[in-house]
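Novice: Structure of the sequence below:
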Amino acid sequence: MDRTSNKSQKLLFNLIYASFVFCLVYLFGLGMGLKLNIMLQILIVLLGSMIVKFFLLNPLILYGLLAISSLITILIHRFVSPILFNIIERILSLFSNIIAHLQGKESIALDNMLLFWAMLIILVSLFTAFILFRNKNIYLLLPIYIVFFLYYWYNFFNQAYWMISIFLLAFFILIGLNKYYEKKIQNLYNPWLHTLTTYSILIVFIALLLPKSYNYIEWPWLQRKVYTIFPFIEDLRSYDIYSRKSGNATLFNFSITGYQSENSKLGGPVNLSDKRIMTVRVSDSTYLRGNVKQVYTGNSWDTIVEPSANYGLKQDFSGLSQEEQKIYYKQEYITITYHDFASTTLFSPYKPAKVSFSDNHMLKVNRDDVLVFSNGVYNGESYLVLVQKPLPYGMLVSLGIDQKKKDMTDLNIYLQIPKDKITERTKDLVREIVKDTKDDFEKAVAIENYLRNNYKYSLDVEYLPENQEFIDYFLFEKKEGYCTYYATSMAVMLRLSGIPSRYVEGYLAKDSIETGVYEVKHENAHAWVEAFIEPVGWMTFEPTPAYPVESRLENYQLNDSDKDMELNEARENIRGPRNDIDDQNIDGDQTTVDGRKPNYEEDYEDTSTGLTSNTVDLFIIILLLIIPLRFLVGFLQYSYREAKAKKLSTNKRVIYLYRQILRIKELMGYPQLYGETHYEYANRIAYKFYSYDEIGIKEITEIFVKSKYSSFPSSNEDVLELEKYKNIMENRLKKYWGKIKYYYHKYVKKIY
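Specialist: Numbers count the residues shown, from 1 in each chain. Down below sits the predicted model:
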């Protein structure tokens, strides 16, 4: 190798070596609280690492310097000043401080910080130089460095993310250089080195710049197993500020969710987080109310501050009589567990009635049934809520409920509109929307449908321009936005129609991780509207098109002759699977909620078989060996069956696809009931399968009925519509189950 190449080789290796050392000792300095300019740190590390390397490769010089230094120190101690005692005392003090720091008892003293950091530079440089320049295996660097990088990252030193990136970039280049110099390809040096460096930089920086998707593969069973065996893993990268010892739980503030950068101002860019904050055990997806706001200012919502009523835990604060609870509401128990989250707000659906928690402090309940527990709920703690959920609108009307606006003592609060803020064109639009309606319910539905059908849901929005009213800007200029835009607009439009309304913020528990268990993240934050509709009282409305509307059974009719039977049947149809929790959890000894995270796995464990844990594990291993073969056979069978189905006539093809669609809906928990016609079934579940597509289950059912019962042949367009709808439903089932479970059931258990 010529002299120029040899110099370039040494320069590159020295730069890589110094960058390795700097990446690690920089994090060490952060960890001990070193306050030193980063450029100065780079110079110190560069100089220190080069000195260490020099002495490593020239140990005789080091030994000579040590001998001379020792001799000079002894002579000074003997003839000038007894400095040895001071040196020994200083060394003992330094190491005592270091040992106490490593034990977590104290921080590094200011006068020891630079010395300790210098020692770390020497140790890291010595280890790294020995690997790089003594012809050792360079892969020995990986476990040492990566362990430290991960340790600092898990302890919330985000600089570790960039340090590991620099380290990996340098390491990729080092690997390439080693391969090159082994082969001694001198004539390819310059272009090859250029290509190596370019690709190494691209690999690392593309990985850094690519968007990080939240759609990771979920395997709840494996996750629970790992957390059970290694419980510390769930606490990695967790904030200590959410532990009870921190005592910093505060009221829920919508700005923490990322949907609103300023709590005092609506709209603006979003910054969503996929951080899990709650696990909710409930029969079906549900709204979790965090706060309710009554006063609209033109660009924000405010809450009227007033004294709240105090209640003891397990005390009924619903204000409902036993008769009302029995006739107009369905009872449900909900367990909520916080994860890396702390709040004095207790989240709950409407209408909460009782709360059970291990603490004995008083519960505050305001006029809008917002729950506040001053002692706070912290990471890993759970509480249980008894909810009296109102029956759907149609059922309540048939049952003769009679609630009037005139009976509300605080009516004006929910009809408040800021003077000179709402524009005339907003008022004209509301009058146009409700002009053909007969009552408050029809007005509310008309406003809800108008917002859902005429505006675009988007998270890519800008801040509200100065001197513009929020609703007018959304309705007539921007015409797109997220939940706060829709909820604010509907709440005010209801008030312009004379309907009391309130603006609600919280979360939507909609991501099921297993039957009856939902995971809530900050990105599930949501805002919606509650309106007082005569004669049923407060109702939830969903103007945001990205979310489905709950069933209201508007045309429900209750026959007097079989009133009780029909009522019970209807209640069960909307109830969903019942939580296996009885009143003892609220009124008696608390067995499942004790301030700790409930063990959901135990609730689903099959104890009737008597299988031991080892037997189950062995059974799972056997299954894992058999599944690949069964998967292949199932895939081939499914492909063959689909190929045969494509040769069917259009009518038979439609019938075939419709049956597959019914099967998918059944697997998602919505089977066709015995004796239920196809049209009745479609009407009953249509709201659960809302889609942006023009075609829905009602249109699909129409095509199916025409194909099966008429003599006219179905068109190819009809077949394409069913194929498209089936693909949409399959994708929903895939998200509902997770990819692994979906493909397992599709090809191994053969769901079709």
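
Novice: tell me the mean pLDDT over stretch 102-112?
Specialist: Looking at stretch 102-112 alone, the average pLDDT works out to 70.

Novice: E448 is in contact with T544, isn't it?
Specialist: No: using CB atoms under 8 Å as the test, E448 is too far from T544 to be in contact (9.7 Å). Backbone N, C-alpha and C define where each C-beta goes, glycine included.

Novice: Compare neighbour counts for those two and give me the winner.
Specialist: T544 (25 against 22; other CB atoms under 10 Å).

Novice: Now do the SS call for that one.
Specialist: The three-state label given to T544 by DSSP: H, G, I helix; E, B strand; the rest coil is coil.

Novice: helices and strands of this structure: which one has the lowest mean pLDDT?
Specialist: The element with the least model confidence among the helices and strands of the chain, by mean pLDDT, DSSP states H and E, is helix 600-603, at a mean of 38.

Novice: which ones are touching P535?
Specialist: Remark: with contacts taken as CB atoms under 8 Å, 6 or more residues apart in numbering, P535 is in contact with L396, V397, I401, D402, Q403, K404.

Novice: How about R289?
Specialist: Contact criterion CB under 8 Å, 6+ apart gives F347, S348, P349, Y350, D369, V370, V504, E505, G506 as the residues in contact with R289.

Novice: Can you tell me which of the residues you listed end up in strands?
Specialist: With strands identified by DSSP state E, the entries of the contacts of R289 that belong to them are V504, E505, G506.

Novice: Just name the closest of these to Y378, please.
Specialist: Proximity of the ones in strands among the contacts of R289 to Y378 (CB to CB) peaks at G506, which lies at 18.9 Å.

Novice: The closest one reaches P349, doesn't it?
Specialist: No: using CB under 8 Å, G506 is not in contact with P349; the gap is 9.3 Å.

Novice: Let's verify K364: helix, strand, or coil?
Specialist: Judged by three-state DSSP, the three-state class of K364 is strand.

Novice: Any idea what it is bridged to?
Specialist: Here K364 shows beta-bridge partners N310, V372, assigned using DSSP bridges.

Novice: on that earlier part again, including distance to F55, pLDDT and neighbour count, could the ones in strands among the contacts of R289 go into JSON lines?
Specialist: Conversion of these to JSON lines gives the following (distance: CB to CB, whole Å; pLDDT from 0 to 100; neighbours: other CB atoms under 10 Å):
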{"residue": "V504", "distance to F55": "69", "pLDDT": "97", "neighbour count": "25"}
{"residue": "E505", "distance to F55": "64", "pLDDT": "95", "neighbour count": "23"}
{"residue": "G506", "distance to F55": "64", "pLDDT": "95", "neighbour count": "25"}
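
Novice: which among the contacts of P535 gets closest to I664?
Specialist: Of all the contacts of P535, I664 sits closest to L396, with 32.1 Å by CB to CB.

Novice: burial count for the residue nearest to that closest one when sequence neighbours are not counted?
Specialist: Among residues not flanking L396 along the chain, V536 sits closest, at 4.3 Å (CB to CB, 6 or more residues apart in numbering). For V536, the tally of surrounding residues (other CB under 10 Å) stands at 23.

Novice: correct me, but V536 touches V397?
Specialist: Yes: in this structure, V536 is within contact of V397 by CB under 8 Å, at 6.6 Å.

Novice: Need the per-residue pLDDT for the residue lying closest to L648 once chain neighbours are set aside.
Specialist: Here the nearest residue to L648 in space, its sequence neighbours aside, is Y656; by CB to CB, 6+ apart that works out to 6.3 Å. On pLDDT, Y656 comes in at 88.

Novice: Test my guess that Y656 contacts A645.
Specialist: Yes: Y656 is in contact with A645 according to CB under 8 Å; the separation is 5.2 Å.

Novice: which residues of the stretch 501-650 of the chain score low on pLDDT?
Specialist: Per-residue confidence of the stretch 501-650 of the chain (counting by pLDDT under 70) places the weak regions at 558-627.

Novice: Could you report the distance from W153 to V529?
Specialist: With distances taken as CB to CB, to the nearest Å, W153 is found 42 Å from V529.

Novice: Neighbour count for these two, which is higher?
Specialist: Set side by side, W153 and V529 show unequal neighbour counts under other CB under 10 Å, the larger going to V529 at 27 against 18.

Novice: Which strand or helix spans the more buried one?
Specialist: Taking DSSP states H and E as the criterion, the element that holds V529 is strand 525-533.

Novice: same for that strand, what does it pack against?
Specialist: Using 3 or more CB pairs under 8 Å, 6 or more residues apart in numbering; DSSP states H and E as the contact criterion, the neighbours of strand 525-533 among helices and strands are strand 286-293, helix 440-454, helix 483-496, strand 501-509, strand 537-541.

Novice: angle of that strand against strand 537-541?
Specialist: Strand 525-533 and strand 537-541 meet at an angle of 140 degrees, taking axes from the mean of the first three to the mean of the last three CA atoms, to 10 degrees as the criterion.

Novice: orientation of strand 525-533 relative to helix 440-454 in degrees?
Specialist: Note on geometry: by the same axes, to 10 degrees, strand 525-533 and helix 440-454 are set 150 degrees apart in direction.

Novice: who does strand 525-533 pair up with?
Specialist: According to DSSP bridges, strand 525-533 has these partners: strand 501-509 (antiparallel), strand 537-541 (antiparallel).

Novice: Pick out whichever of Y656 and A645 has more residues nearby.
Specialist: Neighbours were tallied for Y656 and for A645 using other CB under 10 Å; the higher tally belongs to Y656 (19 against 13).

Novice: The more buried one is in what secondary structure piece?
Specialist: Using DSSP H and E, Y656 falls within helix 650-667.

Novice: ok, and what's touching that helix?
Specialist: For helix 650-667, using CB under 8 Å, 6+ apart, the contacting residues are 645-646, 648, 671-672, 685, 689, 697, 700-701, 703-704, 707-708, 713-716, 718-719, 722-723, 725-726, 729-730, 732-733, 745, 751-752.

Novice: Then stretch 407-424?
Specialist: 294-298, 304, 367, 405, 469, 471-472, 492, 495-496, 498, 500-502, 532.

Novice: before we move on, what about stretch 385-394?
Specialist: Applying CB under 8 Å, 6+ apart, the set of residues contacting stretch 385-394 from outside is 318, 320, 325, 328-336, 346, 348-356, 396, 399, 441, 533, 536-539, 550-556, 571, 574, 586.

Novice: what about dumping the CA coordinates of it to CSV?
Specialist: As requested, the backbone C-alpha atoms of stretch 385-394 are provided in CSV (Å, rounded to 0.1, in the frame of the first residue of the first chain):
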residue,chain,number,x,y,z
VAL,A,385,-67.0,2.6,38.2
LEU,A,386,-70.7,1.6,38.2
VAL,A,387,-72.3,3.3,35.2
GLN,A,388,-76.0,3.8,34.6
LYS,A,389,-76.0,4.0,30.8
PRO,A,390,-79.2,5.5,29.3
LEU,A,391,-81.1,3.3,27.0
PRO,A,392,-81.3,4.4,23.3
TYR,A,393,-83.5,7.3,22.4
GLY,A,394,-86.3,5.2,20.8
